[in-house]
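turn this into a structure:
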Amino acid sequence: MPIQVRLYGNLKEKVQLKNDDVGAPSILNIENENITTVSDILKELNIEKTEISHIFVSCTYSGIKKKVRDGDRVALFPSNMALLYKWYFTKEENG
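Here you go, the predicted model:
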């Protein structure tokens with residue numbers, strides 16, 4: 001089962017899949033046994049850490065060291081869409 005990655009905002013421009021719906025994410029399914037963390041996904045998609053403001057892995061606010069596995073849903077939000085999550089939620093790095 002692949003890892004589903006949702007790219008929001010200007011991160012959608014990083015992939016060839018473009019969604020015409022304003023505000024709707026581009027959705028990718030990644031099947032790669034070498035991907036074990038969010039950081040690996042960023043490398044796979046050629047996205048720099050500084051381009052990301054928020055990461056969610058299966059609805060959990062996460063960091064780039066968060067482990068991922070088949071079936072996870074990863075949402076990546078660009079730095080220009082930063083919200084106040086970091087003040088209200090604990091970021092899960094490992095697990």
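
helices and strands around the helix ranked longest in the chain, which ones?
When the chain is parsed with DSSP state H, its longest helix is helix 38-44. Helices and strands touching helix 38-44, by 3 or more C-beta pairs under 8 Å, 6 or more residues apart in numbering; DSSP states H and E, are strand 52-57, strand 73-78. No exception for glycine: its C-beta is placed from N, CA and C like everyone else's.

tell me the contacts of the spatially most central residue of the chain?
The centre of the chain sits closest to residue 76, judged by C-alpha atoms, centre = their mean, with a distance of 3.0 Å. Listed by C-beta atoms under 8 Å, 6 or more residues apart in numbering, the contact set of residue 76 reads 5, 6, 7, 8, 11, 41, 42, 47, 52, 54, 55.

can you report how many residues lie near the fifth one?
The one in question is residue 11. 22 (other C-beta atoms under 10 Å).

and the residue lying closest to it once chain neighbours are set aside, how far is that from residue 94?
Closest residue in space to residue 11, ignoring its immediate chain neighbours: residue 78 at 4.9 Å, by C-beta to C-beta, 6 or more residues apart in numbering. Going from residue 78 to residue 94 by C-beta to C-beta, to the nearest Å gives 24 Å.
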